[in-house]
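**Q** have a look at this prediction, sequence included:
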Amino acid sequence: MQAILNILQTQGNGIIEALGQHISISLISLFIAAIIAIPLAIILMTHKRIAEIILQITSILQTIPSLALLGILIPIVGIGTVPSIIALVVYAVMPIFQNAYSGLTTIDPNLEEAAEAFGLSRGKKLLKFQIPLAMPMIISGIRIAMVMIIGTATLAALIGAGGLGTYILLGIETNNNALLLVGAVLSAVLTLIFSALIKAISKLSLKKMGILFATLIVLFGGFAGYRSLVKPTVNVTIAGKMGSEPEILINMYKDLIEQDNPNMKVSLKANFGGTSFLYKALESGSIDIYPEFTGTVLQTLVKNKQNVSHNPEKTYQAARDTLKKESNMEYLKPMKYQNGYDLAVTKSFAKKYNLQTISDLKKVEHRLHAGFDPDFYQQKDGYPGIKKTYGLDLASVKTMEPSIRYKAIANGKVNIVDGYTTDPEVQEYNLKVLKDDKNHFPPYQGAPLMTEKFAMQHPEVKKSLNKLAGKITESDMQKMNYLVSVKHEKASKVAHDYLVAHKLIK
């Protein structure tokens with residue numbers, strides 16, 4: 001509780017901003033979904049066959065995983081609020097349409113006949129008794145959609161749209177339960193508040209509802225217009241993958257750029273997602289820079305797959321040249337440390353089965369239940385490559401986010417995890433890192449990745465970021481990761497302190 005109170009005191013402004021973003025995204029999505037679904041139900045209330053087809057289509061759309069849908073939308077509409085709203089509207093249309101259609105088509109036929117006997121036109125019949133009678137069902141659909149939207153909107157943080165998901169993801173990645181609870185509890189409270197408001201609105205007359213919705217449109221439209229006018233110009237958008245280390249790096253990039261270029265505004269998108277999300281966003285121009293690792297470039301991003309040298313300099317040169325040739329990307333000089341993959345087990349498990357190297361796992365492969373990062377599970381240099389190089393076939397594999405997999409092995413839910421050489425959790429959870437005795441894992445040095453076009457337009461940014469070339473040792477990064485992941489210090493402060501201590505900024 002003390003940790004939560006401390007967060008509310010020190011990060012109050014950020015929480016209020018995230019809350020505002022979450023409310024804005026949710027209400028806009030709900031309004032658009034209702035504008036689409038309710039008129040569609042009214043139009044199709046006398047066309048049963050077409051209505052059933054629409055129901056099938058909306059039901060199929062709901063089965064698409066939200067992350068997959070966001071991944072599809074990024075190359076088309078970029079990152080931020082727009083793809084988030086599109087995804088939320090897709091999920092919200094079905095319950096609203098289904099309930100509105102059911103409410104309109106299940107009205108007592110005797111009432112329909114009475115309306116016709118009184119000579120009511122179709123429009124008057126709709127307004128006078130069909131919509132009022134169907135209103136409980138319509139409101140029920142809207143409430144279901146609202147609950148779904150507020151919960152799913154937490155994923156908007158993955159593509160730079162902000163919201164309460166920022167605190168949930170940050171809490172998971174930095175092993176900070178207080179941050180996670182702040183985001184989760186506020187999301188739940190929002191759901192309860194809006195559910196009660198919708199229930200109260202349902203008691204209003206159609207005329208009063210129309211006035212209320214018109215007022216909300218004017219207020220939100222005016223607020224959006226004001227924000228667009230006063231919002232500072234962003235010259236550079238930098239994103240980072242999930243976890244403490246990428247967040248530390250992008251904060252370093254920001255400090256270096258803004259110190260050398262006082263008139264330049266840098267926007268950060270921390271905990272943005274996995275490799276594919278970031279690379280698509282970079283290609284589409286939705287972001288300008290993100291830190292990427294040499295081994296990942298050659299194993300995952302380039303089309304022309306090649307054998308990776310275990311010489312760090314040769315690996316970097318191959319990654320730089322191939323990216324330039326294939327995708328017109330500019331890959332700046334790397335930092336000193338290597339953040340390579342590793343495999344770890346608990347020290348007690350290693351002692352019990354005398355495990356020192358990855359090759360030793362072969363004798364206990366039927367006992368191994370793994371928790372792997374999604375990237376590691378699918379990338380050539382990860383589990384697929386390990387299986388091939390070492391001939392391993394583990395008993396079971398589950399994918400999970402970085403901090404969760406470490407908790408899982410600590411709690412005995414899994415007995416082997418992947419990790420990185422700079423992870424502080426190895427020490428925190430008393431783990432044994434197994435030696436890569438067949439040299440499977442390629443060198444991993446981090447460096448800023450950007451398009452050639454951006455690099456040509458902003459040579460001053462390249463100059464600032466190249467100050468990190470050859471800097472930061474493995475020990476340095478382990479200490480910084482420890483401060484953020486275990487001690488829960490802010491990544492921006494840890495990054496700034498390092499740059500000041502090493503005289504890279506004033």
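**A** Everything's here; your move.
**Q** what is the burial count for residue 148?
**A** 21 (other CB atoms under 10 Å). Using the backbone N, CA and C atoms, a C-beta is placed for each residue, glycine as well.
**Q** and the pLDDT at it?
**A** pLDDT for residue 148: 91.
**Q** does it lie in a helix or a strand, and which?
**A** In this assignment (DSSP states H and E), residue 148 forms part of helix 131-152.
**Q** quick one: contacts of that helix?
**A** Residues from elsewhere that reach helix 131-152 (CB atoms under 8 Å, 6 or more residues apart in numbering): 22, 26, 29-30, 33-34, 37-38, 42, 66, 87-88, 91-92, 95-100, 102-104, 106-107, 111, 187, 190-191, 194-195, 198-199, 201-202, 206.
**Q** next: stretch 154-167.
**A** Taking CB under 8 Å, 6+ apart as the rule, stretch 154-167 contacts 15, 17-19, 21-22, 25, 66-67, 70, 74, 79-81, 83-84, 153, 168-169, 179-180, 182-184, 186-187, 190, 237, 239, 269-273, 277, 281, 286-287.
**Q** just for this structure, where's the confidence low?
**A** Low-confidence segments of the chain, defined by pLDDT under 70: 111-122, 173-175, 220-234, 305-306.
**Q** how is it carved up into domains?
**A** 2-230, 236-338+445-501, 341-434 (automatic domain parsing).
**Q** quick one: the residue most central in space within the chain from residue 356, how far?
**A** Geometric centre of the chain, nearest residue: residue 158, 1.7 Å, by CA atoms, centre = their mean. Separation of residue 158 from residue 356 (CB to CB, to the nearest Å): 38 Å.
**Q** how many neighbouring residues does the residue nearest to residue 194 when sequence neighbours are not counted have?
**A** Using CB to CB, 6 or more residues apart in numbering and skipping residues adjacent in sequence, the residue nearest residue 194 is residue 146, 5.3 Å away. When neighbours are counted by other CB under 10 Å, residue 146 registers 25.
**Q** how about residue 188?
**A** Look at residue 188: counted by other CB under 10 Å, it has 13 neighbours.
**Q** now it: phi and psi?
**A** The phi and psi values for residue 188, taken as degrees, to the nearest 10, are phi -70, psi -40.
**Q** tell me which residues touch it, please.
**A** So residue 188 contacts nothing (CB under 8 Å, 6+ apart).
**Q** roughly how far apart are residue 172 and residue 166?
**A** Residue 172 is 11 Å from residue 166, by CB to CB.
**Q** next: residue 150.
**A** 15 Å.
**Q** between these two, which is the more surrounded one?
**A** Neighbours were counted for residue 150 and for residue 166 using other CB under 10 Å; residue 150 has more, 29 against 26.
**Q** if we can go back for a sec, narrow the contacts of stretch 154-167 to just the buried residues.
**A** Among the contacts of stretch 154-167, those scoring as buried are 15, 18-19, 21-22, 25, 66-67, 70, 74, 79-81, 83-84, 153, 168-169, 179-180, 182-184, 186-187, 190, 237, 239, 269-273, 277, 281, 286-287 (criterion: 16 or more other CB atoms under 10 Å).
**Q** so which of these are in strands?
**A** 237, 239, 269 (DSSP state E).
**Q** residue 322: which of the residues you listed is nearest?
**A** residue 239 (21.8 Å; CB to CB).
**Q** so that closest one touches residue 281, yeah?
**A** Yes - assessed by CB atoms under 8 Å, residue 239 is found in contact with residue 281 at 6.4 Å.
**Q** hey, what's in contact with both of the two?
**A** Counting by CB under 8 Å, 6+ apart, the residues touching both residue 239 and residue 281 are 79, 272, 287, 290.
**Q** for the second one, which non-adjacent residue is closest in space?
**A** Nearest-residue entry for residue 272: residue 239, 4.3 Å, with adjacent residues in sequence omitted and distances by CB to CB, 6+ apart.
**Q** list the contacts of the one you found.
**A** 79, 160, 250, 268, 269, 270, 272, 278, 281, 287, 289, 290.
**Q** wait, a helix at the last one?
**A** No - secondary structure assignment (DSSP: H, G, I helix; E, B strand; the rest coil) places residue 290 in strand, not in a helix.
**Q** kindly provide the distance from it to residue 444.
**A** 15 Å.
**Q** just the strands in the stretch 251-400 of the chain please.
**A** Listed in chain order, the strands of the stretch 251-400 of the chain (DSSP state E, counting those that start in this stretch) span 266-269, 290-293, 329-331, 341-346, 369-372, 396-399.
**Q** could I get these as JSON lines with distance to residue 407?
**A** What follows is the strands of the stretch 251-400 of the chain, written out as JSON lines (distance: least, CB to CB, whole Å):
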{"stretch": "strand 266-269", "distance to residue 407": "26"}
{"stretch": "strand 290-293", "distance to residue 407": "24"}
{"stretch": "strand 329-331", "distance to residue 407": "34"}
{"stretch": "strand 341-346", "distance to residue 407": "13"}
{"stretch": "strand 369-372", "distance to residue 407": "9"}
{"stretch": "strand 396-399", "distance to residue 407": "13"}
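**Q** determine which of those strands approaches residue 129 most closely.
**A** Among these, the nearest to residue 129 by CB to CB is strand 266-269 (50.6 Å).
**Q** picking that back up, ok, the ones in strands among the buried ones among the contacts of stretch 154-167 vs residue 423, which is closest?
**A** Using CB to CB, these come closest to residue 423 at residue 239, 21.1 Å.
**Q** cool, thanks, talk later.
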